[in-house]
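Q: Mind folding the following:
(one chain, ligands or ions: 2)
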Amino acid sequence: MTVPIAIIGTGIAGLSAAHALHKAGHAVHLFDKSRGSGGRMSSTRSEAGALDLGAQYFTARDRRFVDEVQHWQAKGWASEWEPHLYNHKNGQLTPSPDEQIRWVGSPRMSAITRGLLEHLTVTFTCRITDLIRGEKHWHLQDADGKDHGPFSHVIVATPAPQATALLASAPKLASAAAGVKMDPTWAVALAFETALDTKMDGCFVQDSPLDWLARNSSKPLRDNQPDTWVLHATSAWSRQNLDLSKEAVIEQLHGAFAELMHVAIPAPIFTQAHRWLYARPAAAHEWGALADADLGLYACGDWCLSGRVEGAWLSGQEAARRLLEHLE
Ligand code: FAD
Ligand code: NAI
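A: Ligands and ions are numbered 1, 2, ... in the order given. Okay, the predicted model is just below:
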């Protein structure tokens, strides 16, 4: 019997690594503490329809990722989003069109990681708390004290603060992860019965508690939902208001939205708030992935490259490449 490789995290980094290893003929077993896949690239089901509260869209600049996204598009998991973009600066709202190609999951962001999970073994609602190295193999322990294993290698594909403890058997890797600061983001969704009187689908915001807003319902295959908007607060505002109640966050960000939109904003028929504690790495790195090849322990995630979907996917590829290289 072949001993599988364990991957902790079913965000895009973990699934990228899983796919590369599966393609190379290795058995993988993924674990995630959540009920579904996607991590920061997931969507929330709500009474206003599926909402992308984390990653809003992604761009593809590296040739390898461009090819991968084309594959997702062919599978029907991703579509191009062509928003009417605006910019908000010094109290002025101005259209800000550009030529950039932007992608989203269709009909929701989580469709991509859901598609990638096909044919892979995964255990959800399972928070891994310890990695134990035996003579030859690894075992994982979860928060309920249950043992999982044996595994030949382990890839930790969680945000850096959650990776640090899991990497304790490789102090160099643990200390690199511990040095990565990740900033929070408060996200709020609002739905309106009558569509707001604006052409805007997305807006880059300066000089406000907000730094981004998007008309979720303008993304492909979401036209069965009411006029839904997703607002993201800046890292600074989110940090200052980390422990504010969800009700207060909704009230304040709704107020900031109304102030900058310059159109009448009716009372929303639906509101939701979500706090992303580890939303984005404060700085980019050029690690690709972290590896202790002798131990068979690897780490990947957006924090090893750029804090974007593309960076996370490339990091997963790099972790798999380094693992396979060591097997040769
Ligand atoms: P994650 O998606 O965080 O995946 C890690 C997974 O590990 C999670 O599913 C988590 O549940 C699981 N996990 C953690 N600890 C454990 C444990 N102990 N045991 C088991 N499972 C565990 N990027 C863009 O390119 N464009 C954008 O517009 C954009 N907007 C964003 C907006 C917000 C609000 C946020 C939060 C992020 C945004 N990003 C955006 C960044 C992008 O979402 C991330 O870079 C990318 O999704 C990170 O993927 P990942 O696999 O590295 O990590
Ligand atoms: P991109 O090229 O569309 O945007 C990069 C940056 O360029 C934007 O943040 C914006 O400042 C500027 N920009 C781009 N197009 C613009 C336009 N038409 N008008 C005015 N400004 C424009 O996408 P890329 O490089 O893939 O970045 C992803 C996005 O994800 C960024 O906006 C980033 O801020 C956001 N992000 C948000 C996180 C969060 O926690 N809120 C975490 C990680 C990424």
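Q: The stretch 201-328 of the chain: strands as residue ranges?
A: For the stretch 201-328 of the chain, the strands defined by DSSP state E, counting those that start in this stretch occupy 202-205, 210-215, 227-233, 270-281, 290-292, 297-299.
Q: what's the angle from the fourth one to strand 227-233?
A: Right, strand 270-281. 40 degrees (axes from the mean of the first three to the mean of the last three CA atoms, to 10 degrees).
Q: Could you list the buried residues of strand 270-281?
A: For strand 270-281, the neighbour count (16 or more other CB atoms under 10 Å) marks 270-276, 278-281 as buried. Backbone N, C-alpha and C define where each C-beta goes, glycine included.
Q: Run the contact check for it versus ligand 1.
A: Yes. Interface with ligand 1: strand 270-281 contributes 276, 279-280 (CB under 6 Å from any ligand atom).
Q: Now find how far off-centre stretch 2-15 is within its chain.
A: Centroid separation for stretch 2-15 versus its chain: 15 Å, with CA atoms, centre = their mean, to the nearest Å.
Q: swap in stretch 118-127?
A: 17 Å.
Q: Residue in the stretch 101-250 of the chain with the shortest distance to ligand 1?
A: Using CB to the nearest ligand atom, residue 158 is the residue of the stretch 101-250 of the chain that sits closest to ligand 1, at 3.5 Å.
Q: residue contacts, that residue?
A: Residue 158 is in contact with 8-9, 11, 166, 301, counting by CB atoms under 8 Å, 6 or more residues apart in numbering.
Q: For it, which three-state class applies?
A: coil (DSSP: H, G, I helix; E, B strand; the rest coil).
Q: mind listing what residue 253 touches?
A: With CB under 8 Å, 6+ apart, residue 253 has these contacts: 186, 188, 209-210, 231, 233, 273.
Q: hmm, try it at 10 Å
A: Shown in contact with residue 253 (CB atoms under 10 Å, 6 or more residues apart in numbering): 186-188, 190, 208-210, 213, 231-233, 237, 241, 271, 273.
Q: With pLDDT added, can I get the residues of strand 270-281 next to ligand 1 in JSON lines?
A: Below are those laid out as JSON lines (pLDDT from 0 to 100):
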{"residue": "276", "pLDDT": "98"}
{"residue": "279", "pLDDT": "98"}
{"residue": "280", "pLDDT": "97"}
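Q: In what element of secondary structure is the closest residue in space to residue 142 that isn't next to it in sequence found?
A: Nearest residue to residue 142 in three dimensions, chain neighbours excluded: residue 126, at 5.1 Å (CB to CB, 6 or more residues apart in numbering). Assignment of secondary structure by DSSP states H and E places residue 126 within no helix or strand.
Q: wait, does the one helix or strand residue 20 maps to contact ligand 1?
A: Using DSSP H and E, residue 20 sits within helix 12-23. Yes. Counting by CB under 6 Å from any ligand atom, ligand 1 is contacted by helix 12-23 at 12-14.
Q: any chance of the strands of the stretch 201-328 of the chain in TSV, plus distance to residue 87?
A: Below are the strands of the stretch 201-328 of the chain laid out as TSV (distance: least, CB to CB, whole Å):
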stretch	distance to residue 87
strand 202-205	5
strand 210-215	11
strand 227-233	15
strand 270-281	20
strand 290-292	37
strand 297-299	37
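Q: how many neighbours does the closest residue in space to residue 223 that isn't next to it in sequence have?
A: What sits nearest to residue 223 in space, not counting adjacent residues and going by CB to CB, 6+ apart, is residue 217, at 6.5 Å. Using other CB atoms under 10 Å, residue 217 is surrounded by 20 other residues.
Q: if we can go back for a sec, scan the residues of helix 12-23 next to ligand 1 and report the most crowded one.
A: Most surrounded of those: other CB under 10 Å gives residue 13, at 36 neighbours.
Q: And that one, how close does it get to residue 255?
A: 36 Å (CB to CB, to the nearest Å).
Q: what does residue 90 give?
A: Counting by CB to CB, the gap between residue 90 and residue 255 amounts to 19 Å.
Q: The two: who's more crowded?
A: Using other CB under 10 Å, the more surrounded residue of residue 90 and residue 255 is residue 255, with 11 against 6.
Q: pretty sure the more buried one is in contact with residue 190, am I right?
A: No. If you go by CB atoms under 10 Å, residue 255 and residue 190 don't touch, sitting 11.5 Å apart.
Q: intersection of neighbour lists for those two?
A: The contact lists of residue 255 and residue 190 share residue 265, where a contact means CB under 10 Å, 6+ apart.
Q: State the pLDDT value of residue 224.
A: Note on residue 224: pLDDT of 86.
Q: measure residue 242 to residue 44 for me?
A: Residue 242 is 20 Å from residue 44, by CB to CB.
Q: meant to ask about residue 64, not that
A: To residue 44, residue 64 is 30 Å away according to CB to CB.
Q: Next: residue 10.
A: Remark: distance between residue 10 and residue 44 (CB to CB) = 16 Å.
Q: Straight-line length of stretch 215-223, end to end?
A: 11 Å (CA to CA, to the nearest Å).
Q: chain center to that stretch, what's the gap?
A: 19 Å.
Q: Over to stretch 165-184?
A: 19 Å.
Q: same check, this time on stretch 161-173
A: Relative to its chain's centre, stretch 161-173 lies at 21 Å (CA atoms, centre = their mean).
Q: Before I go, just wanted to say thanks for your time.
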